[in-house]
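Undergrad: Only the shape, not the letters, is given here:
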């Protein structure tokens, strides 16, 4: 795998919002955003609540300065390498021998896209909790492979079991990995 090229931060956002720790009280709003923006990838509210409970440091909220409404989120956590959870599945617990970091979902409402919020979130995750692991992975959907490529994520060869799992995520779903800096 290639090491990622230096990613420059976008110009300062004109929109006012900030990343902070996701809280249990945000789950209802998070679910409504996910349901609206991922209609073909439905997950139960309990999936998001469980991820937050199991690994809160990997769950962030993008909160608007005006009114404090939830404008985006990231859900991420450790996994066993190349074994992302199936869509809409509960984990029960995190593997004690987890050896890879996984970005489950990153969503920003359309009105705030293009202002650098995704870059800020990904940078924060990759330079804090993800760097404890040799690699970070994700399932790219909606043709976002080139977006993730800016952060060093590249497609990986997958076996039949992973190909079957990826079908749950849509025809264009791709499993991506990146090496974390050591």
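TA: In hand now; what should we look at? As the structure is a computational prediction, the values presented were derived from the model and not from experiment. Residues are numbered from 1 along each chain as shown.

Undergrad: how long is stretch 151-168 from one end to the other?
TA: Start and end residues of stretch 151-168 are separated by 25 Å (C-alpha to C-alpha, to the nearest Å).

Undergrad: in that stretch, what counts as buried?
TA: Neighbour counts using 16 or more other C-beta atoms under 10 Å place 151-153, 162, 165-166 of stretch 151-168 among the buried residues. Quick note: C-beta positions are derived from backbone N, CA and C, even for glycine.

Undergrad: same thing with stretch 100-115?
TA: Across stretch 100-115, burial judged by 16+ other C-beta under 10 Å covers 100-109, 112, 115.

Undergrad: Equivalent analysis for stretch 122-135, please.
TA: So stretch 122-135, judged by 16+ other C-beta under 10 Å, has buried residues 122, 125-126, 129-130, 133, 135.

Undergrad: Cross the residues you listed against strands and list the overlap.
TA: Per DSSP state E, strands hold the following members of those: residue 135.

Undergrad: Could you list which of the buried residues of stretch 122-135 belong to helices?
TA: Cross-referencing those against helices under DSSP state H gives 122, 125-126.

Undergrad: still on that earlier bit, go through the buried residues of stretch 100-115 and name the one nearest residue 89.
TA: Lowest distance from residue 89 to these (C-beta to C-beta) belongs to residue 104, with 10.6 Å.

Undergrad: Reduced to three states, what does that closest one come out as?
TA: Each residue gets one of three states, and residue 104 gets strand by DSSP: H, G, I helix; E, B strand; the rest coil.

Undergrad: give me every residue that touches the closest residue to it other than its chain neighbours.
TA: Distances taken as C-beta to C-beta, 6 or more residues apart in numbering place residue 75 nearest to residue 104, at 4.3 Å, with adjacent residues excluded. The contact partners of residue 75, by C-beta atoms under 8 Å, 6 or more residues apart in numbering, come to 22, 48, 51-52, 58-59, 103-105.

Undergrad: how about CSV for the buried residues of stretch 100-115, with pLDDT and distance to residue 29 added?
TA: Listed next are the buried residues of stretch 100-115 as CSV, based on pLDDT from 0 to 100; distance: C-beta to C-beta, whole Å:
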residue, pLDDT, distance to residue 29
100, 98, 29
101, 98, 25
102, 98, 23
103, 98, 20
104, 97, 17
105, 96, 14
106, 97, 16
107, 97, 11
108, 96, 14
109, 96, 11
112, 94, 14
115, 93, 19
